[in-house]
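1. this one's structure only:
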Ligand code: NDP
């Protein structure tokens, strides 16, 4: 089977030459393990951080070793109690065609309950991030006006819709193309949206939220964060989920320059990691699963075909080529 190795640590934007697709023998599962043939794998922004050789909340990818990440596949051999051959599992052995996984770290998923790709997106890690970030980290309450950046992406599109479903007074989103902006309004029901590439974010946000915002769900950082600080109302809250605008930068960001606003407005800003919110998983799956089934919460996916295109899919996601969750399909 083929697997992707990181072969050089990227400086700034990753280049295709930083990665290599290598053929390796398919391993036998050991005691308690399963062998999975992957059907779908996830490419996510946080993987960019793991390409740097810095200590973080997840250890860096090792050079000349397979990268890892979320994936869903079919069990083709099993030494794990309770996981049968033919079962579908969600696990962390992505970036490869075949993965040997500890049965305890594989979660059985049912394609009859929801399409397999959704366990990586709307009902998976990015979905829980949106749910927990809005409801727990940002302490969202009915009547709040919510601004979310990266709003046409996996996390952002779900944040905006959950806010609407939970009674937000106004939901505003920003995204990087006019097509995405149209989607936010017409399909996801945002009250206002703008293309951050069309002009200064602060001006466009003021126009979209003339009465200010109570919550900023930050996926982007930099100029977006600065704009949100000036539009936040007294006692406003920021959930710091991601700062994708700086992941590939080699210089520190120029913004925000207005942090002093925290004082007079008594703002609260809290960083989050989705793994801290696993206690919400059952409630999330039930509530959001029902919204998805009833068509109340819409989702899109961008599915790139072929393990050989996985790096291109990852880079494309960083460039904004995805609408909704970016997924690689390995089922050829
Ligand atoms: P998305 O589906 O949102 O894909 C990334 C998007 O980021 C792109 O489509 C692009 O859309 C946008 N983007 C890229 N560069 C910039 C830029 N310079 N300025 C503004 N937008 C940019 O990815 P996810 O939904 O998976 O992740 C969204 C955010 O959430 C990321 O910051 C990620 O790191 C974070 N995250 C954090 C987690 C946590 O536990 N803290 C867990 C999961 C995700 P566009 O066309 O609009 O530019």
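-> Arrived safely, thanks for sending. Remember, predicted model here, so these are calculated numbers, not experimental data.
2. right, and residue 30 touches residue 100 too?
-> Yes: assessed by C-beta atoms under 8 Å, residue 30 is found in contact with residue 100 at 7.4 Å. Glycine gets a C-beta too; all of them are placed from N, C-alpha and C.
3. Between those two, which is the more surrounded one?
-> Comparing residue 30 with residue 100 by other C-beta atoms under 10 Å, the one with more neighbours is residue 100, at 18 against 10.
4. secondary structure element for the more buried one?
-> strand 98-102 (DSSP states H and E).
5. just residue 75 next, same as before
-> Element membership for residue 75, per DSSP H and E: strand 71-78.
6. elements contacting the helix or strand just after that strand?
-> Tracing the chain C-terminally past strand 71-78 and defining elements by DSSP H and E, one meets strand 88-91 next. Taking 3 or more C-beta pairs under 8 Å, 6 or more residues apart in numbering; DSSP states H and E as the contact definition, the neighbouring helices and strands of strand 88-91 are strand 33-42, strand 71-78, strand 98-102, strand 107-109.
7. about what we covered before: please work out which residues outside the strand holding residue 75 touch it.
-> In this structure, residues lying in contact with strand 71-78 by C-beta atoms under 8 Å, 6 or more residues apart in numbering are 28-29, 34-42, 83-95, 99, 103, 106, 109, 116-117, 119-120, 330.
8. report the angle between the axes of it and strand 98-102?
-> With axes from the mean of the first three to the mean of the last three C-alpha atoms, to 10 degrees defining the directions, strand 71-78 sits at 80 degrees from strand 98-102.
9. coming back round to it: drop the exposed ones from the contacts of strand 71-78 and show what's left.
-> Members of the contacts of strand 71-78 that pass the buried threshold by neighbour count (16 or more other C-beta atoms under 10 Å) are listed as 29, 34-42, 83, 87-91, 93-95, 99, 103, 106, 109, 116-117, 119-120, 330.
10. Grab the most central residue of this structure for me.
-> residue 126 (4.2 Å; C-alpha atoms, centre = their mean).
11. In terms of pLDDT, where does that residue sit?
-> According to the model's per-residue confidence, residue 126 sits at a pLDDT of 98.
12. can the helix or strand in which it is found be found next to the ligand?
-> Assigning secondary structure by DSSP H and E places residue 126 in helix 125-132. Yes: contact between helix 125-132 and the ligand, assessed by C-beta under 6 Å from any ligand atom, occurs at 126, 129.
13. If you count contacts, what does that helix end up packed against?
-> So helix 125-132, by 3+ C-beta pairs under 8 Å, 6+ apart, packs with helix 154-165, helix 281-293.
14. Can you tell me which of those helices is nearest to residue 254?
-> Shortest distance between residue 254 and the helices and strands packed on helix 125-132, using C-beta to C-beta, is found for helix 154-165: 22.8 Å.
15. what mean pLDDT would you report for the closest one?
-> The pLDDT scores in helix 154-165 average 98.
16. how big is the angle separating that helix from helix 125-132?
-> For helix 154-165 and helix 125-132, the angle between their directions (the same axes, to 10 degrees) works out to 40 degrees.
17. In terms of residue numbering, what are the domains of this structure?
-> Each structural domain of the chain that the record assigns through automatic domain parsing is listed here as a residue range: 2-117+300-329, 125-275.
18. nearest to residue 294, of the ones you listed?
-> Across these, closest to residue 294 is domain 125-275 (C-beta to C-beta), at 10.5 Å.
19. coming back round to it: so what touches the helix holding residue 126?
-> 42, 44, 70, 120-121, 154-156, 158-159, 162, 241, 272, 274, 276-278, 280-281, 284, 287-288, 325.
20. List buried residues within those.
-> Using 16+ other C-beta under 10 Å as the threshold, 42, 44, 70, 120-121, 154-156, 158-159, 162, 241, 272, 274, 277, 280, 284, 287-288, 325 are the buried ones among these.
21. what subset of the contacts of helix 125-132 is also close to the ligand?
-> 44, 154-156, 241, 272, 274, 325.
22. show me what contacts residue 207?
-> The contact partners of residue 207, by C-beta under 8 Å, 6+ apart, come to residue 194.
23. which element is it on?
-> helix 201-208.
24. And stretch 261-271, how far out from the chain middle?
-> From the chain centre to the centre of stretch 261-271 is a distance of 25 Å (C-alpha atoms, centre = their mean, to the nearest Å).
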